[in-house]
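K.L.:
everything below, folded, please.
(chains A and B)
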Amino acid sequence: MNASYDIAAVAVVVLLTLGIGSYGLRLARTTSDFLVASRTVSPLWNASAISGEYLSAASFLGIAGLVFAYGADMLWYPVGFVAGYLVLLLLVAAPLRRSGAYTVPDFAEARLGSPAVRRLASLLVVAIGWLYLVPQLQGAGITLRAATGAPVEVGAVLVAVVVSVNVAGGGMRSATFVQAFQYWLKLTAITVPALFLLLVWQGQGAPDLTGPGAPVFRQSTSVELDSPVVVDVRTPVTVDGDGGPRRLEAGRQELAPGTLVFPAGAEVPHVSRIDASSGSSWASPLSGAGGIEHPLYATYALVLATFLGTMGLPHVLVRFYTNPDGRTARRTTLVVLGLLGAFYLVPTVYGALGRLYAPELLLTGRTDTVVLALPSAMIGGVGGALLEALLVAGAFAAFLSTSSGLLVSTAGVLVQDVLRGTVRDFRRAAVAAAALPLLIALLASSLPIGQVVGLAFAMAASTFCPLLVLGIWWRRLTPPGAAAGLVVGGGLSAVAVLATLAGLADRGWPAALLAQPAAWTVPAAFAVMVGVSLATPSRVPADVGRTMLLLHAPESLGLHRPP
Amino acid sequence: MKDEPPRRVAVTSPRTRAVRRPPGRQTLRALHEQDVVGELLIRSLMRAQLLLGLRIALVFGSLLGGLPLLFALVPAARDTQVLGLDLPWLLLGLLVYPALVAGGWLYVRLAERNERDFVDLVERP
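P.N.:
Reported below is the predicted structural model:
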């Protein structure tokens, strides 16, 4: 019964997305329709669309999952996701809009006049887009599994197919209002259940979250395992299994698939990836709760990645083009700050309540589904099932909107710059752009969604942040400098990303440096870009004065009009 | 593709002879042709906007960036209770968001003022 509501919710969101997409296609047939229509869009509407596209699986599921498992230090993820827009507003928003660039490669070419830098930027757009797409598809897989028990592949394939059909049909491109609608859907879907859950928690006398003990099963709990799990048992416990009672001794154990019933009050054995930590250590920053290595370094590296990475995300930049001028671009960004801030107040609530009401996820390791697990755990019945369906709908809205935005940007760049000559057709590029991330999502080990998205931010911060900031404010940037910086920043962060995805280092400084690379890759990229530019002064573009004038002068002077 | 902004109309007394020359023509031409004056003008606007952006970034950078250091150096700050919440949760879970919006609002106001000043300067007769 539970699953039928969830399936209905997924079906409604998918059909709405496809339906509005094809409707929007009929409304706007050409790029110029899209652009002209966008000029009548108010900052609030436009900001809703930007926020709708931005709030991804990482925001809807990932943050709660990270807070649930690793505690207070993870609060920096949502803070960084919003603060990134403040940095974008302060340094990039208006000049980037005035540059008239639609993507970072466009900006690189307009500013530096170098096809080589353009192609390099295009490769990076595709790499970052793919890295960001993988966790969206994985999120869809685990959501559908949590809701209906379907294998993870089903959800991932479903979202990949829906999105590539939609993008190949041109649907999402034209529909600012689909994305705007998605924002308000996601805000409602995450806020309404949270209010009910908080009421239930209050009604039970607000049980303490920050006690001295590790999470326990509050009542006798039956845990279903559909694949083997390696867990660390700290306190021996007798569980009821398929083959009668069984004692779990302290130490590392492999649990076979099947059902285990834990008695009330038993401490939760944690999956080997997450260290068990007391409530007080979980609630305290820099405690290394959950097994975070070198938490102070990790925090600063995460701050750097998210604050500076937002401006370089492929699907963020494209949306800025729909602002009529630089001044509106600023005002829109300001509204985005407000809309995102309102959303990010909520996911933390799920992460915290999960410690009390869904601790079995620390055993199965499926921490990213804590958002979805709480309504049935805390409320149950039809009410819980309806709230869960609402959350599933919001989660699918998140996967679909972010994936569409990413796919449009990546496929566009693939057609234009990377596969020039081999693939001319946007439709085929859209399918190709979805196929590889789908393959990775199906094969790769399942890192937490939020962490993989964090890696995409780190890569954007190490490449496009220096390119945009120096390109907009520093006249002496040269094409060789930009290219060298992109190669170094992109290369170093790619190495770190691949090493983390492959699980090469899981303890000590190597793990910390590779899992949060921005603290060393961003300074390296800036240094190389500035250094090589200073060493090649003869390559400063001749028209840099004119470009700077257009980037910074207000449109009202009429300088931007073609002569 | 761009919409034409409404044509600018000079509303002046017909007795003043100076209005024959549309205001700001020369400065605007200086910008267009990027002579020394135009170059100086746009550089001054860029400097003003960059300083404004960096100042606000610095304020937020030191406030937000100082928090992990504060928690590292003053362990008591990690679990001080304020308004029923641990201080880190109150700051990072709640208060930081209105603060970021306020910073953005201040920037938008001041950046638009810089641009208005620039336009006034260019269009001054």
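
K.L.:
got the confidence number for the residue of chain B found nearest chain A?
P.N.:
Residue of chain B nearest chain A, by CB to the nearest CB: B:Tyr97 (3.3 Å). Placement of C-beta: from N, CA and C, glycine included. Turning to B:Tyr97, the model gives it a pLDDT of 96.

K.L.:
number of residues surrounding it?
P.N.:
Look at B:Tyr97: counted by other CB atoms under 10 Å in any protein chain shown, it has 22 neighbours.

K.L.:
was I right about it contacting A:Val82?
P.N.:
Yes - using CB atoms under 8 Å, B:Tyr97 is in contact with A:Val82, at 6.4 Å.

K.L.:
still on that earlier bit, which ones are touching the residue of chain B closest to chain A?
P.N.:
When contacts are counted by CB atoms under 8 Å, 6 or more residues apart in numbering or on different chains, B:Tyr97 touches A:82, A:341-342, A:344-345.

K.L.:
so what sits against both of B:Tyr97 and A:Val82?
P.N.:
Common neighbours of B:Tyr97 and A:Val82, using CB under 8 Å, 6+ apart, are A:341, A:344.

K.L.:
for whichever residue of the stretch 301-450 of chain A sits closest to chain B, which three-state class applies?
P.N.:
For the stretch 301-450 of chain A, the residue closest to chain B is A:Gly341, as judged by CB to the nearest CB, at 3.3 Å. Look at A:Gly341: counting by DSSP: H, G, I helix; E, B strand; the rest coil, its state is helix.

K.L.:
residue 114: neighbour count?
P.N.:
Just so you know, I chose chain A. Count around A:Ser114 with other CB under 10 Å applied: 19.

K.L.:
looking at chain B here, not the other one
P.N.:
Neighbour count of B:Asn114, defined by other CB under 10 Å: 20.

K.L.:
helices or strands next to the lengthiest helix in chain B in the packing?
P.N.:
If you go by DSSP state H, chain B has its longest helix at helix B:36-73. The contact analysis (3 or more CB pairs under 8 Å, 6 or more residues apart in numbering or on different chains; DSSP states H and E) places helix B:36-73 against helix A:76-91, helix A:295-309, helix A:544-552, helix B:25-33, helix B:96-123.

K.L.:
at the contact with chain B, which residues of the stretch 451-563 of chain A appear?
P.N.:
By CB under 8 Å from any CB of the partner chain, the residues of the stretch 451-563 of chain A that approach chain B are A:473, A:545-546, A:548-549, A:552-561.

K.L.:
I'd say A:Gly351 and A:Gly65 touch.
P.N.:
Yes - using CB under 8 Å, A:Gly351 makes contact with A:Gly65 at a distance of 7.1 Å.

K.L.:
so between these two, which is more surrounded?
P.N.:
A:Gly65 (28 against 23).

K.L.:
quick one on the thing from earlier: lowest-confidence entry in the residues of the stretch 451-563 of chain A next to chain B?
P.N.:
Within the set of these, pLDDT is lowest for A:Arg561 (63).

K.L.:
nearest to the middle of chain B, which residue? Look it up for me.
P.N.:
Central residue of chain B (CA atoms, centre = their mean): B:Ala111, 2.3 Å from the mean position.

K.L.:
tell me the contacts of that one?
P.N.:
B:Ala111 neighbours (CB under 8 Å, 6+ apart): A:94, A:330, B:49, B:52-53.

K.L.:
now do A:Pro269
P.N.:
A:231-234, A:237, A:248, A:253, A:276, A:363.

K.L.:
drop anything exposed from these.
P.N.:
With neighbours counted by 16 or more other CB atoms under 10 Å in any protein chain shown, the contacts of A:Pro269 contain buried members at A:231-233, A:237, A:248, A:276, A:363.

K.L.:
in a markdown table, list those along with pLDDT, distance to A:Val497 and secondary structure.
P.N.:
Formatted as a markdown table, the buried ones among the contacts of A:Pro269 follow (pLDDT from 0 to 100; distance: CB to CB, whole Å; DSSP: H, G, I helix; E, B strand; the rest coil):
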| residue | pLDDT | distance to A:Val497 | secondary structure |
| --- | --- | --- | --- |
| A:Val231 | 92 | 28 | strand |
| A:Asp232 | 92 | 28 | strand |
| A:Val233 | 91 | 33 | strand |
| A:Val237 | 90 | 38 | strand |
| A:Leu248 | 88 | 36 | strand |
| A:Ala276 | 91 | 28 | coil |
| A:Leu363 | 92 | 29 | helix |
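
K.L.:
in the residues you listed, find the pair that's most separated.
P.N.:
Largest separation among these by CB to CB: A:Leu248 and A:Ala276, giving 13.8 Å.

K.L.:
okay, now the unreliable bits of chain B?
P.N.:
Scanning chain B for pLDDT under 70 picks out B:1-5, B:9-26, B:34, B:125.

K.L.:
likewise the stretch 101-250 of chain A?
P.N.:
Applying pLDDT under 70 to the stretch 101-250 of chain A flags residues A:170-175.

K.L.:
roughly how far does the residue in it that chain B sits nearest to sit from A:Val229?
P.N.:
Proximity of the stretch 101-250 of chain A to chain B (CB to the nearest CB) peaks at A:Thr210, 7.1 Å away. Remark: distance between A:Thr210 and A:Val229 (CB to CB, to the nearest Å) = 27 Å.

K.L.:
do the same with B:Gly103
P.N.:
Distance from B:Gly103 to A:Val229, by CB to CB: 45 Å.

K.L.:
please name the nearest non-neighbouring residue to A:Arg246.
P.N.:
Take A:Arg246 and drop its neighbours on the chain: the residue closest to it by CB to CB, 6 or more residues apart in numbering or on different chains is A:Val239, 5.8 Å away.

K.L.:
okay, now the spatially closest residue to A:Ile7 that is not a sequence neighbour: neighbour count?
P.N.:
Once flanking residues are discounted, A:Ile7 sits nearest to A:Thr148: 6.1 Å by CB to CB, 6+ apart. When neighbours are defined as other CB under 10 Å, A:Thr148 has 16 of them.

K.L.:
quick one: A:Thr148 and A:Tyr5 touch, right?
P.N.:
No - applying CB under 8 Å as the test, A:Thr148 and A:Tyr5 come out as separate, 10.2 Å apart.
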